[in-house]
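Student: this one's structure only:
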């Protein structure tokens with residue numbers, strides 16, 4: 001590191017021949033020597049460069065060496081530069097004492113002792129290089145400390161993310177095991193009941209009406225399982241960037257109307273009513289299956305959390321966008337929960353533990369985003385929720 005730093009030396013004398021002679025004594029490949037014929041020239045150089053040593057002639061016209069030294073000591077940039085005075089005046093003038101008072105580190109008398117000059121310059125250059133090397137080491141240590149701090153912060157963030165991921169995994173496994181077990185238990189009980197009837201040759205249990213009821217129950221349980229599996233597959237597709245969008249042109253108002261007809265059984269089971277306002281066709285180019293999935297998720301949530309109160313659905317176009325509003329009058333969503341309900345495995349709150357993986361809104365937002373649209377919520381706890389899907393036509 002020392003060899004990479006070039007020491008700069010400043011020599012000041014009003015006689016050019018003195019400057020050349022002194023330069024010849026102290027110049028080396030690892031040093032740059034700057035010469036000044038006056039204190040004014042020296043000040044200009046001092047402001048431009050960082051010097052390892054300044055060798056000043058005492059007796060110069062205008063500002064002398066002592067005055068230049070006092071200016072250097074009073075300036076932040078130059079106050080720590082070692083100063084060596086050179087003078088041809090006799091020792092009896094006591095210049096050396098005055099030089100030390102001005103902040104000099106040494107005083108040389110002319111004619112100069114060649115070996116003494118070289119030796120002293122070498123000492124100050126070595127000290128300068130050592131200071132520079134130490135400064136670089138301190139800076140390197142500080143950079144290393146800052147990098148370690150940044151790394152620790154990243155590690156802490158990573159640890160927090162891993163802990164959050166583990167919690168999400170545990171929550172997910174708990175939710176999945178519960179949600180999958182519910183329809184499976186129904187199917188298992190139905191199967192065992194049928195086996196029991198068959199073992200007893202109880203054919204009365206398999207009348208046409210009873211078979212239809214059995215098939216309906218089985219179909220509901222199977223559909224529940226299929227929906228859970230599809231949700232998990234959609235999350236996997238989203239994570240790997242493979243959520244496919246197949247756009248086609250269709251009427252969004254008609255799609256929502258047809259969907260509400262298919263939801264008639266769920267609406268009846270929720271003991272509520274759903275009204276649709278769609279005054280005119282809203283035709284655009286989207287993935288029909290995926291948009292139906294989004295609206296179905298919003299309608300399912302409205303039925304789940306709507307507290308058996310009426311639900312309003314509106315389909316319309318505005319400002320070059322299609323909009324679907326689903327408004328319920330149910331339990332609502334607090335401001336805090338509004339920030340997280342679009343995340344994976346999140347549901348309204350623990351006190352409203354309702355069936356589902358907590359993936360519907362997450363998947364819906366990803367689908368809407370893939371269409372360059374938005375999905376938003378306006379809600380107040382205890383006062384219902386308005387979910388709005390906005391899609392470019």
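Tutor: Noted; the coordinates are in hand. Quick caveat, the model's predicted, so the values are computed rather than measured.
Student: Return the set of buried residues in stretch 40-60.
Tutor: Neighbour counts using 16 or more other Cβ atoms under 10 Å place 42-43, 45-46, 51-58, 60 of stretch 40-60 among the buried residues. The C-beta positions use only the backbone N, C-alpha and C, and glycine is treated the same way.
Student: mind giving me the domain ranges of the protein?
Tutor: Per automatic domain parsing, the domain ranges recorded for the chain read 2-112, 160-239, 248-392.
Student: how much distance is there from the last one to the middle of the chain?
Tutor: Centre-to-centre, domain 248-392 and its host chain are 30 Å apart (Cα atoms, centre = their mean, to the nearest Å).
Student: for the first one, same thing?
Tutor: Average the C-alpha atoms of domain 2-112, do the same for its chain, and the two points are 54 Å apart (Cα atoms, centre = their mean).
Student: Same question for stretch 215-232.
Tutor: Stretch 215-232 sits 39 Å away from the centroid of its parent chain (Cα atoms, centre = their mean).
Student: before we move on, back to that, closest one of the buried residues of stretch 40-60 to residue 115?
Tutor: residue 55 (15.8 Å; Cβ to Cβ).
Student: Tell me the secondary structure of that closest one, please.
Tutor: Following DSSP: H, G, I helix; E, B strand; the rest coil, residue 55 is assigned to strand.
Student: ok, it - contacts?
Tutor: Taking Cβ atoms under 8 Å, 6 or more residues apart in numbering, we find residue 55 in contact with 9-12, 22, 26, 83-86, 121.
Student: cool, residue 63 as well?
Tutor: Contacts of residue 63 by Cβ under 8 Å, 6+ apart are 38-40, 71.
Student: before we move on, the earlier item: out of the contacts of residue 55, list just those in helices.
Tutor: If you go by DSSP state H, the contacts of residue 55 have 22, 26, 121 in helices.
Student: any idea how far the last one lies from residue 28?
Tutor: I take that to be residue 121. Shown here: residue 121 relative to residue 28, a distance of 9 Å by Cβ to Cβ, to the nearest Å.
Student: Does residue 235 touch residue 363 like I think?
Tutor: Yes. Residue 235 lies in contact with residue 363 (Cβ atoms under 8 Å); the separation is 6.9 Å.
Student: Those two: who's more crowded?
Tutor: Between residue 235 and residue 363, counted using other Cβ atoms under 10 Å, the more crowded position is residue 363 (23 against 19).
Student: Now do the phi/psi pair for the nearest residue to that one once chain neighbours are set aside.
Tutor: Of all residues not flanking residue 363 in the chain, residue 234 sits nearest, at 4.9 Å (Cβ to Cβ, 6 or more residues apart in numbering). Residue 234 adopts backbone torsions of phi -60, psi -40, taken as degrees, to the nearest 10.
Student: and residue 234, how many neighbours?
Tutor: Residue 234 has 20 neighbouring residues, counting by other Cβ under 10 Å.
Student: sorry, back to before: same list (the domains of the chain) but as JSON lines, adding mean pLDDT and distance to residue 138.
Tutor: What follows is the domains of the chain, written out as JSON lines (pLDDT from 0 to 100; distance: least, Cβ to Cβ, whole Å):
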{"stretch": "domain 2-112", "mean pLDDT": "85", "distance to residue 138": "15"}
{"stretch": "domain 160-239", "mean pLDDT": "80", "distance to residue 138": "33"}
{"stretch": "domain 248-392", "mean pLDDT": "88", "distance to residue 138": "45"}
